[in-house]
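here's a sequence, model it:
(one chain, ligands or ions: 1)
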Amino acid sequence: MDDLDAVVSIHTAACAAAGAEPDAVGGLLARFNGWARAIQLPGKTTLIAEADGEVVGVLSMESDAPGTALELSQIHVRPGQWRRGIGGRLHAAYVQSLQETGVLTGLAGVWEHNDRARAFYARLGWRPDGTVETNGDGLRRLRLRLEV
Ligand SMILES: CC(C)(COP(=O)(O)OP(=O)(O)OC[C@H]1O[C@@H](n2cnc3c(N)ncnc32)[C@H](O)[C@@H]1OP(=O)(O)O)[C@@H](O)C(=O)NCCC(=O)NCCS
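From the prediction side, this is the model:
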């Protein structure tokens, strides 16, 4: 929880740099609450990446029930620190969690227009499973699967 402010700041900056709409005040509050739950609730795990004592990246994962697929819910690296291997290091820790818990299937979602994140996931072995959800603005979110 000591890192909550830094985590929210990275998530907000990463979304802005990735071209998402700016948050309304209510959206920012929801983001604080969402991360507080992710950090504190059982079944959810949050990892941070640090460089020179600063938080530079965050990943969250969750499992609905032990032994079922472990979802990679969020991954964000501070803009300005991209393409330095930080996301890859966080992802390697996620894969280690998959292996340690004996869950060998990873699940994630990515917006179709987020070319950067799609390239990141593809490089790390994720493949679309064919499921597509469309939000109220007509934006498509692809489900990805990773077999380790
Ligand atoms: C996606 C994200 C987490 C990647 O983090 P990162 O620290 O830049 O990733 P890495 O440096 O470890 O990249 C690992 C590999 O992914 C691929 N990759 C990453 N960014 C890429 C880009 N912009 N274009 C093409 N490939 C890319 C590359 O193969 C890269 O390896 P390389 O640099 O040796 O070629 C980061 O760009 C981010 O925070 N984006 C905004 C938030 C976001 O979209 N999150 C995902 C939401 S679903």
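
tally of neighbours for the closest residue to L146 other than its chain neighbours?
Counting by Cβ to Cβ, 6 or more residues apart in numbering, G106 is the residue found nearest to L146 once chain neighbours are left out, at 3.6 Å. From N, CA and C alone the C-beta is placed, and that goes for glycine too. Residues contacting G106 under the criterion other Cβ atoms under 10 Å number 24.

got the confidence number for G106?
pLDDT recorded at G106 is 96.

over to A20?
A20 carries a pLDDT score of 74 in this model.

show me what contacts the nearest residue to G67 once chain neighbours are set aside?
Excluding the flanking residues, the one nearest G67 by Cβ to Cβ, 6+ apart is V103, at 6.6 Å. Contact analysis of V103 by Cβ atoms under 8 Å, 6 or more residues apart in numbering lists 63, 67-70.

quick one, helices of this protein?
4-17, 25-40, 86-101, 115-123 (DSSP state H).

tell me the helices and strands packed up against the third one.
Using 3 or more Cβ pairs under 8 Å, 6 or more residues apart in numbering; DSSP states H and E as the contact test, the elements touching helix 86-101 are strand 44-51, strand 54-63, strand 70-77, strand 105-111.

for the protein, which residues are neighbours of the ligand?
Taking Cβ under 6 Å from any ligand atom, the part of the chain that reaches the ligand is made up of 14, 18, 75-77, 82-88, 110, 114, 116-117, 119-120, 123.

isn't A49 right up against H76?
No: counting by Cβ atoms under 8 Å, A49 does not reach H76; the two are 10.0 Å apart.

common neighbours of these two, please.
With Cβ under 8 Å, 6+ apart, A49 and H76 have common neighbours 57-59.

tell me the contacts of G67?
101-103 are the contacts of G67 under Cβ under 8 Å, 6+ apart.

JSON lines please, covering those and showing pLDDT.
Compiled in JSON lines, the contacts of G67 are given as follows (pLDDT from 0 to 100):
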{"residue": "T101", "pLDDT": "88"}
{"residue": "G102", "pLDDT": "88"}
{"residue": "V103", "pLDDT": "89"}
